[in-house]
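>>> What follows is a protein structure lacking sequence information:
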């Protein structure tokens, strides 16, 4: 299974796009909003923040967001939040 991360600024159409994907049987949209754009950028994108601090911040944001916003169609016992977080961390490049 391929993983695609769609992000964007508020009011840019990301909710519409995720709703379109969520309506298709071949996609699993999970969750609705990870809050990465607002809880990480621009402060944690600075070069003065260490790589370890950046990873810690992203893990915290994702954990809180996933625990709060799990899609109503996904049973919590069938979802590994930590597995998802590790998948996200493998896919992104933090400079």
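Thanks, I have it. As the structure is a prediction and not an experimental result, all values here were calculated from the model.
>>> Low-confidence stretches in this structure?
Applying pLDDT under 70 to the chain flags the ranges 1, 3, 30-35, 69-79, 93-95.
>>> in it, which spans are strands?
In the chain, no segments count as strands under DSSP state E.
>>> Show me what the longest helix along the chain is packed up against.
For the chain, the helix that runs over the most residues, judged by DSSP state H, is helix 51-69. Contacting helix 51-69 under the criterion 3 or more Cβ pairs under 8 Å, 6 or more residues apart in numbering; DSSP states H and E are the following elements: helix 36-39, helix 81-91. C-beta coordinates here come from the backbone N, C-alpha and C atoms, glycine included.
>>> Return the residues in contact with residue 29.
Residue 29 makes contact with 18, 19, 21, 22, 71, according to Cβ atoms under 8 Å, 6 or more residues apart in numbering.
>>> Please report how far the first one lies from residue 47.
Remark: distance between residue 18 and residue 47 (Cβ to Cβ, to the nearest Å) = 32 Å.
>>> cool, and residue 83?
Distance of residue 83 to residue 47, computed by Cβ to Cβ: 30 Å.
>>> With residue 22 instead?
Residue 22 is 37 Å from residue 47, by Cβ to Cβ.
>>> which ones are touching the closest residue to residue 44 other than its chain neighbours?
Spatial nearest neighbour of residue 44, chain neighbours left out: residue 57 (5.0 Å); criterion: Cβ to Cβ, 6 or more residues apart in numbering. Shown in contact with residue 57 (Cβ under 8 Å, 6+ apart): 39, 40, 44, 49.
>>> closest to residue 8 among those residues?
residue 40 (13.9 Å; Cβ to Cβ).
>>> Now for that closest one: which residues touch it?
So residue 40 contacts 57, 58, 61 (Cβ under 8 Å, 6+ apart).
>>> if we take these, which one ends up nearest to residue 12?
The nearest one, if we look at the contacts of residue 40 relative to residue 12 and count by Cβ to Cβ, is residue 61, at 19.1 Å.
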